[in-house]
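Q: I'd like to go over a predicted model; first the sequence, then the structure.
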Amino acid sequence: MVFVKVREGESIEEALRRFKRECERNGILKEIKRREYHLSASLRRKLKAQEARRKMRRSRKRRPV
């Protein structure tokens with residue numbers, strides 16, 4: 001759970017910005033998006049394999065030869 005206390009002299013907009021940053025750091029938005037809809041186990045494995053292949057391709061491109 002993310003808590004942000006409004007500091008003295010701090011505007012609501014600044015506190016809201018800090019709150020959003022903390023949510024991003026804690027991965028809350030990522031978790032919400034992940035739980036937004038149900039994925040079957042087989043589809044989850046398929047997507048995970050696709051992501052792994054994509055990361056491998058990207059890492060090969062970045063490596064100097």
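A: Good, I have the coordinates.
Q: ok, and what's touching the helix or strand bottoming out on mean pLDDT in the chain?
A: Taking mean pLDDT, DSSP states H and E as the measure, the chain has helix 28-34 as its least confident helix or strand, at a mean of 88. Contact with helix 28-34 is made by 2, 23, as judged by CB atoms under 8 Å, 6 or more residues apart in numbering. C-beta here means a position set from N, CA and C on the backbone, and glycine is covered the same way.
Q: pull the longest helix from this structure.
A: Using DSSP state H to assign secondary structure, the helix with the most residues in the chain is helix 41-62.
Q: dump it to CSV, restricted to CA.
A: Taking C-alpha atoms only, helix 41-62 is exported to CSV below (Å, rounded to 0.1, in the frame of the first residue of the first chain):
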residue,chain,number,x,y,z
ALA,A,41,-2.4,-20.9,-18.3
SER,A,42,-1.5,-22.0,-21.9
LEU,A,43,-1.9,-18.4,-23.2
ARG,A,44,0.1,-17.1,-20.3
ARG,A,45,3.0,-19.5,-21.1
LYS,A,46,2.8,-18.6,-24.8
LEU,A,47,3.0,-14.8,-24.0
LYS,A,48,5.9,-15.4,-21.6
ALA,A,49,7.8,-17.4,-24.3
GLN,A,50,7.1,-14.6,-26.8
GLU,A,51,8.5,-12.0,-24.4
ALA,A,52,11.6,-14.1,-23.7
ARG,A,53,12.3,-14.4,-27.5
ARG,A,54,11.8,-10.6,-27.9
LYS,A,55,14.2,-9.9,-25.1
MET,A,56,16.8,-12.2,-26.6
ARG,A,57,16.5,-10.5,-30.0
ARG,A,58,16.9,-7.1,-28.4
SER,A,59,19.9,-8.2,-26.3
ARG,A,60,21.6,-9.6,-29.4
LYS,A,61,21.1,-6.3,-31.3
ARG,A,62,22.7,-4.2,-28.5
